[in-house]
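# Structure, please.
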Amino acid sequence: MSLDSVVDTVTEQLGNLTGLDAKLAFDFGDDGLIAIDATQTPPVMTQDGGDDADCTIRISISNFKKLVAGDLNPMFAYTMGKLKIEGSLGIAMKVASRFED
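Numbers count the residues shown, from 1 in each chain. Take a look at the predicted model:
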């Protein structure tokens, strides 16, 4: 999965973040970053910024793919260090629940 595929996946789920009232970022390391401003309705996504995010989720693209597919439990990923959270853990939990089917 490339960053473009991640952008497509997040774009499909963007409406689920309405009402989150937070700014978040998915940091994929050298592969790039996606910033989402869910303080707006509808939420707005960009591929830069993220410096003012309330919550930054650091994860590899391959593990992100597994999370979205339901093949990797978010709590397990966090515990095992496959997913790192900077900022509000509460927002990260809300994001995880809104991305679930």
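
# contacts and neighbour counts: CA atoms only from here.
Fine.

# and the worst-scoring helix or strand of the chain on mean pLDDT, how far from the chain's centre?
In the chain, no helix or strand scores lower on mean pLDDT, DSSP states H and E than helix 89-99, which sits at a mean of 86. How far helix 89-99 lies from its chain's middle: 9 Å, per C-alpha atoms, centre = their mean, to the nearest Å.

# Flag every buried residue along that helix.
Neighbour-count burial for helix 89-99 flags Ile91, Ala92, Val95, Arg98, Phe99 (criterion: 16 or more other C-alpha atoms under 10 Å).

# For the third one, which non-adjacent residue is closest in space?
Pointing back at Val95 there. Of all residues not flanking Val95 in the chain, Leu17 sits nearest, at 7.1 Å (C-alpha to C-alpha, 6 or more residues apart in numbering).

# wait, the one you found sits on Pro43?
Yes: here Leu17 reaches Pro43: they are 6.7 Å apart, a contact under C-alpha atoms under 8 Å.

# Tell me who's in contact with the most centrally placed residue in the chain.
In the chain, the centroid-proximal residue (C-alpha atoms, centre = their mean) is Phe26; its distance is 4.4 Å. By C-alpha atoms under 8 Å, 6 or more residues apart in numbering, Phe26 lies in contact with Leu33, Ile34, Ala35, Thr56, Ile57, Arg58, Ile59.

# just to revisit the earlier point, turn the buried residues of helix 89-99 into TSV, columns for distance to Asn73.
Output for the buried residues of helix 89-99, formatted as TSV (distance: C-alpha to C-alpha, whole Å):
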residue	distance to Asn73
Ile91	16
Ala92	13
Val95	13
Arg98	14
Phe99	12
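
# Could you work out the most separated pair of those?
Greatest spacing in the buried residues of helix 89-99, by C-alpha to C-alpha: Ile91 and Phe99 (12.4 Å).

# my read is Thr9 is in a helix, agree?
Yes: per DSSP: H, G, I helix; E, B strand; the rest coil, Thr9 lies within a helix segment.

# Distance check, it against Gly81.
23 Å (C-alpha to C-alpha, to the nearest Å).
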